[in-house]
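>>> here is the input, now give the coordinates:
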Amino acid sequence: MDRKKLNHPSLAPINDTVLTRESWKIFQIMAEFVEGFERLAQIKPSVSIFGSARTPEDHPYYRLTVDIARELSDSGFSVVSGGGPGIMEAANKGAYEGRSPSVGLNIQLPNEQSGNPYQDISLSFRHFFSRKVMFVKYASAYVVMPGGFGTLDELAEILTLVQTRKTRRIPIILVHAPFWEGLLEWLRTALVTEKMIDPTDLDLIQVLNTPKEVVDAIFAHYEDRGFEPSKEEREAMLEL
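Below is the predicted model:
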């Protein structure tokens, strides 16, 4: 077969059934956004916590996450996690034990466990991109625990949105310095050295180790401005 013809749009057959199904997906996506906006609008201020779904309950990272989430919850922050097992469960559990809402933004995956039982508010998403908007939309801070590809994906997402001013600047906190040391060194020696990012972009990240440090850093960020976005920030966030 001629390779030049292989991907030519005029030669590609259109399957009406597939096209119709793709078009109707728009309404499913709209429904996810509407439900998310309506149910999460009252949880402010909130903190989104990320980390590995594979972390067992007896791991120090799990216990640390529970303690961070509990301290955030008792300090008046709703805690938002991915709703699954591991670090996500630890975040919901800590918040559930505290005085503020525990929120789970669950994602439907082929090989993933169902949502954890520590959720005051539970939402279910089919699409990662609509779920990501909910993590950012009402977050006053991001707390990133040790994790894998999904955790790095969420970290890159918020760094990109803040860097490009598509959302307001919020605390982005990496917890447990030894875990993140290699990544931060690579950011300095590769991305900054190669001029892929500005040196000041690294100032978007804080690296902390204890629950008290996390809570204090978040309050310090908002000390002179309050938790509500400014008018300009709200306008920018409409285009997330």
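>>> list the buried residues of the lengthiest helix in the chain.
Criterion DSSP state H: the longest helix present in the chain is helix 16-40. Of all the residues in helix 16-40, those buried under the rule 16 or more other CB atoms under 10 Å are 32, 36, 40. Where C-beta positions appear, they are placed from N, C-alpha and C, glycine not excepted.
>>> OK, contacts around residue 64?
145, 175, 176, 211 (CB atoms under 8 Å, 6 or more residues apart in numbering).
>>> mind listing which of these are in helices?
residue 211.
>>> pLDDT-wise, what's the bottom of the buried residues of helix 16-40?
pLDDT across those is lowest for residue 36, at 86.
>>> ok, back up a step: packing partners of the longest helix of the chain?
strand 121-125, helix 128-137 (3 or more CB pairs under 8 Å, 6 or more residues apart in numbering; DSSP states H and E).
>>> just the helices in this protein please.
Under DSSP H, the chain gives helices at 3-6, 16-40, 60-74, 87-97, 128-137, 149-163, 177-186, 211-221, 231-237.
>>> most tightly packed of these?
Highest mean neighbour count of the helices of the chain: helix 87-97, a mean of 27 (counted as mean count of other CB atoms under 10 Å).
>>> and that helix, what does it pack onto?
For helix 87-97, the packing partners by 3+ CB pairs under 8 Å, 6+ apart come out as strand 46-50, helix 60-74, strand 78-81, strand 102-107.
>>> would you mind saying which of the ones you listed lies nearest residue 221?
Minimum separation from residue 221 across these (CB to CB) falls at strand 46-50, 11.4 Å.
>>> distance between the closest one and the chain's centre?
7 Å (CA atoms, centre = their mean, to the nearest Å).
>>> just the angle between that strand and helix 60-74, please?
Interaxial angle, strand 46-50 versus helix 60-74 (axes from the mean of the first three to the mean of the last three CA atoms, to 10 degrees): 170 degrees.
>>> okay, the angle between strand 46-50 and helix 211-221?
130 degrees.
>>> pull up the pairing partners for strand 46-50, direction included.
strand 78-81 (parallel), strand 139-144 (parallel) (DSSP bridges).
>>> in this structure, where is pLDDT below threshold?
Confidence mapping of the chain against pLDDT under 70 gives the ranges 1-14, 16, 111-113.
>>> could you rerun that using 90?
Low-confidence segments of the chain (pLDDT under 90): 1-29, 31-38, 41-42, 44, 107-115, 126-128, 226, 228-240.
>>> done for today, thanks.
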